[in-house]
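1. coords below, sequence missing:
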């Protein structure tokens, strides 16, 4: 759901830049207080992995619509919210600058939807669910539900921004919400399945640092 | 092999071998924008040209190879950028001072 140039009016994308700048600035401040030396390579490979995974669109309605991993939940669960915000923002900036994916005017909005709201939703929901649902199966369920809701939260924000940009397209918010939440409810299932698989892979190889599952969230 | 090397290797494998098989169908937002008739608002509106548009390395005829190359280059670039940035953003190491 990378919004391109031309979809949002300036009254929407300019404030979105400010909101993202504030949230990313705060994440950077927290990093300077908390990010340890041994976490540094993990941020690098998490960003690289999410970039790669975002290239692999999976069909959600054959031939009609596709989706790809967002990765906000994956990054938030494995690295905690501040690092996850920085990781997703970096991926979005590179996609925009080098691959023309998402517009430069919409970058603030895209960062706000995915790196800020997607990550924040994932962090809060996973913190709650991981306490309620213990054990490996509980973790899988928590990860799946978290991933699904993080996509829906990002899609909701994107819909609201498109709705605020009514002057561009004259389409009412209710149609945008219905369309965006409908298709992303399906994409979110893919997000959930992939995130569960990748979290299990990362747990198995000890990516989070050997202190057990959910180090990112539980330590933050 | 250290865990983060395994994840980096997984990322490169995904970028090189899976990205050429990605679905070409419009993504969620493109689908909605098409259905609601405002997809053309994004066409020709791009403010800035990008060096590797649409994740396909320019000048390579074979589409799968162009995509795989863009994937591997982008994955390496993302790793390097994030690693460098994270080094700048980490907390001060007091054990060295």
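-> That came through fine. All values derive from a computational prediction rather than experimental measurement. Numbering: from 1, shown residues only, chains lettered A, B, ... in the order given.

2. show me where chain A dips below the pLDDT cut-off.
-> Low-confidence segments of chain A (pLDDT under 70): A:209-220.

3. ignore the last one, chain B
-> Short version for chain B, where the test is pLDDT under 70: B:93-97.

4. for chain A, give me its nearest residue in it.
-> Going by C-beta to the nearest C-beta, chain A is nearest to residue B:45 of chain B, at 2.8 Å. Where you see a C-beta, it was placed from the backbone N, CA and C, and this is true even at glycine.

5. got phi/psi on that residue?
-> Note on residue B:45: backbone dihedrals following degrees, to the nearest 10 are phi -90, psi -10.

6. surely it and residue A:4 touch.
-> Yes - using C-beta atoms under 8 Å, residue B:45 makes contact with residue A:4 at a distance of 6.8 Å.

7. which residues touch the residue most central in space within chain B?
-> Nearest residue to the geometric centre of chain B (C-alpha atoms, centre = their mean): residue B:74, 5.0 Å. Under the criterion of C-beta atoms under 8 Å, 6 or more residues apart in numbering or on different chains, the neighbours of residue B:74 are A:51, A:52, A:55, A:94, A:95, A:98, A:99, B:15, B:52, B:55.

8. kindly report the same for residue A:154.
-> Residue A:154 is in contact with A:1, A:70, A:72, A:113, A:114, A:117, A:118, A:121, A:184, counting by C-beta under 8 Å, 6+ apart.

9. gap between the residue of chain B closest to chain A and residue A:9?
-> If you measure residue B:45 against residue A:9 using C-beta to C-beta, to the nearest Å, the figure is 12 Å.

10. residues touching the residue of chain B closest to chain A, list them.
-> Residue B:45 makes contact with A:4, A:5, A:6, A:103, according to C-beta under 8 Å, 6+ apart.

11. all helices for the chain, in order.
-> By default, I'm working from chain A. A:10-34, A:40-54, A:72-79, A:81-99, A:107-110, A:119-132, A:135-164, A:166-169, A:173-205, A:215-219 (DSSP state H).

12. nope, chain B
-> According to DSSP H, the helices that chain B contains are B:3-13, B:28-35, B:63-89.

13. could you give the angle of the last one to helix A:40-54?
-> Using axes from the mean of the first three to the mean of the last three C-alpha atoms, to 10 degrees, the interaxial angle of helix B:63-89 with respect to helix A:40-54 works out to 150 degrees.

14. for helix B:63-89, which positions count as buried?
-> In terms of neighbour count (16 or more other C-beta atoms under 10 Å in any protein chain shown), helix B:63-89 has its buried residues at B:66-79, B:81-83, B:85-86, B:89.

15. most surrounded residue in the contacts of residue B:45?
-> Compared across the contacts of residue B:45, residue A:4 has the highest neighbour count, 25 neighbours, by other C-beta atoms under 10 Å in any protein chain shown.

16. noted, bye for now.
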